[in-house]
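1. One predicted model, sequence on top.
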Amino acid sequence: MEDASFVPDCTTDKSLVGIGIDLVVYSGRRVVFLHPGPLAQLVERSHGMGEVTGSNPVRSTRTKRMYDIPMEFIKWVFWIVVVVTGLVVAWLRVPPVPSRKQELDIAFDLAQIRPGELVFDLGAGNGRVLAIARDRYQAIVRGWELNPFVWLLAWLRLRSGIYMADMWQAPVQDADVVFVFLMTKIMPRVKERIWAKIKPGGRLVANAFAMPGVEPTASKDGVYLYVKK
């Protein structure tokens, strides 16, 4: 492996900063991870490559890892991910839309999660909601996500309790709190197939879109809490 103490004419792609990754691509075929995020770990396991350290032209205090990966391979992987994600979104008719921090803060304030409670996220996305419930509130978490790319991000974040499976088959009768951050056209099905199964005292939290025909127990700024009687 070449010395990584100097990176010539590198360009930084910060589109992945949100999941803890900076990509630097140079020399037509090399990829450098400026710090060891989840994708770097995945590539390292797949290719059995080692770690190199040295001065960093962008962030001198971070470790960087270098992999000799053909750019054509990276392009094919990128387009496969895009196509598969598009097909899944078209099938589910629910695009992955991350919730804003303010919305999440309100949702957790309304949910009033207690340590040890079982929390479900249906359409879990990248696992952010479940990570907060687990780390901040010491809850037991389970999530369902059918988009394979987004599911992978959630799995890398949570490592367990995240299923690439149909959320309508989730055993919601066991949950203490259920998060459903979906779309308007899905909410009638949520009422029929999810809300109907929730146990007495169970809470359902919906962001932006209310359940039709059900009066929320509480709401704030477009976030709705329903408590089953």
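-> That came in fine, so what should we check first?

2. From now on I want contacts and neighbour counts done on CA atoms only, so please keep to that.
-> Noted.

3. where are the low-confidence patches of this protein?
-> 1-70, 81-98 (pLDDT under 70).

4. tell me the domain boundaries of it?
-> 11-69, 101-227 (automatic domain parsing).

5. need the helices for the chain, in chain order.
-> With DSSP state H, the ranges of helices along the chain come out as 38-47, 71-92, 101-111, 128-137, 148-158, 187-193.

6. so how many other residues sit close to residue 185?
-> Close neighbours of residue 185, defined as other CA atoms under 10 Å, add up to 12.

7. Return the distance of it relative to residue 191.
-> 11 Å (CA to CA, to the nearest Å).

8. same deal with residue 201?
-> 16 Å.

9. With residue 181 instead?
-> Applying CA to CA, the value for residue 181 to residue 191 is 13 Å.

10. Give me the more crowded residue out of those two.
-> Taking neighbours as other CA under 10 Å, residue 181 and residue 191 compare with residue 181 leading, 23 against 16.

11. what's the more buried one in contact with, if anything?
-> Shown in contact with residue 181 (CA atoms under 8 Å, 6 or more residues apart in numbering): 122-123, 205-209.

12. Residue 152 now?
-> Applying CA under 8 Å, 6+ apart, we find residue 152 in contact with residue 126.

13. ok, now how distant is it from residue 158?
-> Note on residue 152: its distance to residue 158, by CA to CA, is 10 Å.

14. Would you agree residue 113 is in contact with residue 137?
-> Yes - if you go by CA atoms under 8 Å, residue 113 and residue 137 touch, sitting 6.5 Å apart.

15. shared neighbours, the two?
-> Contact criterion CA under 8 Å, 6+ apart; residues shared by residue 113 and residue 137: none found.

16. who has more neighbours, these two?
-> Legend: neighbour count by other CA under 10 Å for residue 113 and residue 137, higher for residue 113 (20 against 16).
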